[in-house]
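In: Any chance you can model this:
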Amino acid sequence: MSRIGKKPVALPKGVKVTVTGSEAIVEGAKGKLTCPILAGITLDIQADSVNLNRANEEAQTRAFHGLTRALLNNAVVGVTEGWKKELDIVGVGYKAAMDGAKLRMELGYSHPIHYEAPDGIQMAVEKTTHIVVTGTDRQLVGQVAADIRKFRQPEPYKGKGVQYTGEVIRRKAGKTGK
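Out: Sure, this is the predicted structure:
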């Protein structure tokens, strides 16, 4: 049995899970998310938890068991607490600012970069070199943070660029002298 799949998903107060066809709808204080229920997986919903069961012992169904539980747990955490990714900008003259609802970044190019977040994502610039991306959907928060990082990835010699907070950049030694 899947170690992850057999663990029940705890439902905090105010979170409601309903099943419609091949997807589960998770509603909470921060919003509403849909989670796919993959083939061969059934949900057993109690008052304070959700158990996932699988129909057979095929390899694909066993893999879907843990995946479906992880996706459902991410949705429950998203509608109660939310997800957050933090980015740091490193480099002389590199900075970011909010321009209305758009993020405006100066990353060493001849022009500023404007980025507009999709629905359900909030961005904030705490300092000119620190960006915070928050939202309820874990996958979407991670994708937006990856898109922002992709504008100027950290380079290995000086470490300049956009990096996740706490990320360790492997540095290379530069050219040696004579």
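
In: From here on, just use CA atoms for contacts and neighbour counts.
Out: Noted.

In: Show the end-to-end separation of stretch 142-159, please.
Out: End-to-end distance for stretch 142-159: 21 Å, by C-alpha to C-alpha, to the nearest Å.

In: Could you list the residues in contact with it?
Out: Residues outside stretch 142-159 that contact it (C-alpha atoms under 8 Å, 6 or more residues apart in numbering) are 85-87, 90-91, 107, 115, 117, 133, 160-164, 169-174.

In: Distance from that stretch to the middle of the chain?
Out: Stretch 142-159 sits 15 Å away from the centroid of its parent chain (C-alpha atoms, centre = their mean, to the nearest Å).

In: Can you give me the buried ones in it?
Out: Burial within stretch 142-159, assessed by neighbour count using 16 or more other C-alpha atoms under 10 Å, is assigned to 142, 144, 145, 146, 148, 149, 152, 154, 159.

In: what's the answer for stretch 26-40, then?
Out: For stretch 26-40, burial by neighbour count (16+ other C-alpha under 10 Å) applies to 26, 27, 28, 31, 32, 33, 34, 35, 37, 40.

In: what's the helix or strand for the first one?
Out: Meaning residue 26. In the assignment (DSSP states H and E), residue 26 maps to strand 23-28.

In: Sheet-wise, list the partners of that strand with their directions.
Out: strand 16-20 (antiparallel), strand 31-36 (antiparallel) (DSSP bridges).

In: Residues in contact with the longest one: which ones?
Out: Right, strand 31-36. The contact list for strand 31-36 (C-alpha under 8 Å, 6+ apart) reads 22-27, 68, 71-72, 75, 79, 136-137.

In: so which pair among those is furthest apart in space?
Out: Greatest spatial distance in the contacts of strand 31-36: 22 and 136, 20.9 Å, computed using C-alpha to C-alpha.

In: Using PyMOL, define a selection of the buried residues within the contacts of strand 31-36.
Out: Buried subset of those, written as a PyMOL selection, criterion 16+ other C-alpha under 10 Å:
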select buried, resi 24+25+26+27+68+71+72+75+79+136+137
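
In: I'd like to know which of the contacts of strand 31-36 is nearest to residue 127.
Out: Nearest to residue 127 among the contacts of strand 31-36: residue 136, at 23.2 Å, using C-alpha to C-alpha.

In: that older thread, got the buried residues of stretch 142-159 as TSV, with secondary structure columns?
Out: Output for those, formatted as TSV (DSSP: H, G, I helix; E, B strand; the rest coil):
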residue	secondary structure
142	helix
144	helix
145	helix
146	helix
148	helix
149	helix
152	coil
154	coil
159	coil
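
In: Show me how far the lengthiest helix in the chain is from its chain's centre.
Out: The helix spanning the most residues in the chain, taking DSSP state H as the definition, is helix 59-80. Its chain's average C-alpha position is 14 Å from that of helix 59-80, according to C-alpha atoms, centre = their mean.
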